[in-house]
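Asks: Below: sequence and its predicted model.
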There are 2 protein chains.
Amino acid sequence: MADYYKDEAKHYVAVDCIIFGFDGNRLKLLLIKRNFEPGKGQWSLMGGFLKENEGLDNAAQRILEQLTGLQDIFLEQLLTYGEVDRDPAARVLSVAYYALINTSNFDEFKAKNYKGSWFELTEMPELIFDHAEMVDKARKRLRRKAKNQPIGFELLPQKFTLPQLMKLYEAIYDQKFDKRNFRKKLLSYNILKMLDEKDKKGSRKGAFLYQFDADKYEKMILNGFSFEL
Amino acid sequence: MADYYKDEAKHYVAVDCIIFGFDGNRLKLLLIKRNFEPGKGQWSLMGGFLKENEGLDNAAQRILEQLTGLQDIFLEQLLTYGEVDRDPAARVLSVAYYALINTSNFDEFKAKNYKGSWFELTEMPELIFDHAEMVDKARKRLRRKAKNQPIGFELLPQKFTLPQLMKLYEAIYDQKFDKRNFRKKLLSYNILKMLDEKDKKGSRKGAFLYQFDADKYEKMILNGFSFEL
DNA sequence: CCAAAAGTGTTCAGCTTACACCCATGA
DNA sequence: TCATGGGTGTAAGCTGAACACTTTTGG
């Protein structure tokens, strides 16, 4: 095949992942200690270069899997960063993705290979390049998204309690909610299934466990419903 | 400087622009007839390749200016399309941007160089590659954005009437609004300045002209206000 | 004088918010 | 028995939606 574009410039393209996790209390971010130049030894988002015959979404999945061992994770493209000087070593475009994982089933062993560790958003170290900007953008996206879709559930274990869910939303929005109003609202969507079990880790009384009911949610959006917090 | 990345792949990166315009009645899209292979003679978004030492946003501005002669236009990155086979001629990433222009001061002469012409969204021709997908995404973004920021004003001339503004919103959302409610709501934001002039093009009675008051809007968002339609 | 678009208020329903006490349990 | 977090209902204010008639003026 003729290369119609052969006179055009070619560019390095990286994919960087903003990985959010929730430990039951606070919203956290998975960062790695960079083990190559430039910026070796500094904190950074997990990333990698886009390969010759690899789709962007695939690259993001690959990179996420390398670090966490997880597949089939919520992953969404955020924005592409293309300032000429953003990487001091060379002109590199970076396509940012953000991911939501629940920390319970994540592979600590893999993460150790990259010196990955979790940080509270309030206690983030300094990041290389424009990564802090990416994180900020991702937080905003997460807030917006969580208003329109129940993506918060990606961050929780399969069974969770309403106090846990509320803590998650409080962490995402960095504000307190009234528990009566919160329960009323969430239950009114009819996308939660209450189970017979209680989780007693949080209190002596124990809190009922719930499951997210994806079927009901599908039906709900098919009927033109819009999830709003 | 050492090229730490020299073993990594490099890629062609294009920038494609979804250009919305409003002619006072309907929301339109500016498309060009492609004059190079592949896809020569087919309808397409205006685009171009990212140059060696050019930032992404700059590239988008350059491309927009080439076609419309306009500078300082609302322009926002949408998403990057990176499927391996999206362009049949070569592996090309495309960073999509969308722009809002008011058609009154746009340079038809320049547009003719590219065989550019306006299409109603309902009468769009078939587009090359994944451009239709980009347009669809841009429409959704425009709707969302117009709810939270008064970007609609980018699409209007500096002075406009409330009926015009309402028509614009009706075009963006593809639905009718009640004019009493619409006026009440928009005026309640206090970001419009009524002028002493009337525009008589639309009716014998004439409609008062308004101007968008950017100062008041800045103050409004500083005070934590959220613009909602 | 009439056609055509501009302009104008009120009511009702539903949603959001604020708010305080009892319950169950393990230690 | 008590400390701790879990669970529950109601009232007030606000916002969004529905709805119809009068005004202006060029032809």
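Replies: Done, it's in.
Asks: Relative to the whole chain's centre, how far out is the lengthiest helix in chain A?
Replies: The longest helix of chain A (DSSP state H) is helix A:131-148. Distance of helix A:131-148 from its chain centroid, counting by CA atoms, centre = their mean, to the nearest Å, is 9 Å.
Asks: Ok, stretch A:164-179 next?
Replies: 17 Å.
Asks: before we move on, back to that, what about the longest helix of chain A, average pLDDT?
Replies: Helix A:131-148 comes out with an average pLDDT of 94.
Asks: could I have it exported to CSV, CA atoms only?
Replies: Taking C-alpha atoms only, helix A:131-148 is exported to CSV below (Å, rounded to 0.1, in the frame of the first residue of the first chain):
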residue,chain,number,x,y,z
HIS,A,131,0.8,14.2,35.7
ALA,A,132,-0.6,16.3,38.6
GLU,A,133,-2.7,18.1,36.0
MET,A,134,-4.0,14.8,34.7
VAL,A,135,-4.9,13.7,38.2
ASP,A,136,-6.8,16.9,38.8
LYS,A,137,-8.7,16.5,35.5
ALA,A,138,-9.5,12.9,36.4
ARG,A,139,-10.9,13.9,39.8
LYS,A,140,-13.2,16.3,38.1
ARG,A,141,-14.3,13.8,35.5
LEU,A,142,-14.9,11.2,38.2
ARG,A,143,-17.2,13.7,40.1
ARG,A,144,-19.2,14.5,37.0
LYS,A,145,-19.4,10.9,35.9
ALA,A,146,-20.5,9.7,39.3
LYS,A,147,-23.5,12.0,39.1
ASN,A,148,-24.8,10.5,35.9
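Asks: any bit of that helix sitting next to chain B?
Replies: No - counting by CB under 8 Å from any CB of the partner chain, chain B has no neighbours in helix A:131-148; the shortest distance is 8.5 Å. C-beta: built from backbone N, CA, C; applies to glycine.
Asks: Need the contact partners of that helix.
Replies: Applying CB atoms under 8 Å, 6 or more residues apart in numbering or on different chains, the external contacts of helix A:131-148 come out as A:16, A:18, A:20, A:29, A:44-45, A:76, A:78-79, A:81, A:94, A:96, A:98, A:100, A:121, A:124, A:126-127, A:151-152, A:169, A:172-173, A:226-229.
Asks: what about the residue in chain A that DNA strand C sits nearest to, neighbour count?
Replies: Closest residue of chain A to DNA strand C, CB to the nearest atom of the strand: residue A:204 (3.2 Å). Here the number of neighbours of residue A:204 (other CB atoms under 10 Å in any protein chain shown) works out to 5.
Asks: do residue A:162 as well
Replies: For residue A:162, the count of nearby residues is 18 (other CB under 10 Å).
Asks: Which residue comes closest to it once chain neighbours are left out?
Replies: Closest residue in space to residue A:162, ignoring its immediate chain neighbours: residue A:183 at 5.7 Å, by CB to CB, 6 or more residues apart in numbering or on different chains.
Asks: Ramachandran coordinates for the one you found?
Replies: The phi/psi pair for residue A:183 (degrees, to the nearest 10) reads phi -60, psi -50.
Asks: Which of the contacts of helix A:131-148 fall in strands?
Replies: Among the contacts of helix A:131-148, DSSP state E puts A:16, A:18, A:20, A:29, A:44, A:76, A:78-79, A:81, A:94, A:96, A:98, A:100 in strands.
Asks: quick one: pLDDT of the residue of chain A closest to DNA strand C?
Replies: Reported pLDDT at residue A:204 in the predicted model: 93.
Asks: Distance-wise, check it relative to DNA strand D.
Replies: Using CB to the nearest atom of the strand, to the nearest Å, residue A:204 is found at 5 Å from DNA strand D.
Asks: so that residue, which of the three states?
Replies: What DSSP: H, G, I helix; E, B strand; the rest coil gives for residue A:204 is coil.
Asks: So it versus residue A:198, what's the distance?
Replies: As judged by CB to CB, to the nearest Å, residue A:204 and residue A:198 stand 11 Å apart.
Asks: What ranges in chain A fall below the confidence cut-off?
Replies: Counting by pLDDT under 70, the ranges of chain A that qualify are A:1-2.
Asks: mind running it again at 80?
Replies: A:1-3, A:104-105, A:107-109, A:111, A:222-226, A:229 (pLDDT under 80).
Asks: residue ranges of the helices in it, please?
Replies: Counting by DSSP H, the helices of chain A are A:56-68, A:108-113, A:131-148, A:162-173, A:179-188, A:214-222.
Asks: who in chain A is up against DNA strand C?
Replies: A:178, A:179, A:180, A:181, A:184, A:185, A:200, A:203, A:204, A:205, A:206, A:228 (CB under 7 Å from any atom of the strand).
Asks: Neighbours of the third one, how many?
Replies: I take that to be residue A:180. Look at residue A:180: counted by other CB under 10 Å, it has 8 neighbours.
Asks: Could you measure from it over to residue A:119?
Replies: For residue A:180, the distance to residue A:119 - CB to CB - is 33 Å.
Asks: returning to what we had before: can you lay out the ones in strands among the contacts of helix A:131-148 as a markdown table showing neighbour count?
Replies: Output for the ones in strands among the contacts of helix A:131-148, formatted as a markdown table (neighbours: other CB atoms under 10 Å in any protein chain shown):
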| residue | neighbour count |
| --- | --- |
| A:16 | 23 |
| A:18 | 24 |
| A:20 | 25 |
| A:29 | 21 |
| A:44 | 20 |
| A:76 | 16 |
| A:78 | 21 |
| A:79 | 22 |
| A:81 | 23 |
| A:94 | 24 |
| A:96 | 26 |
| A:98 | 26 |
| A:100 | 23 |
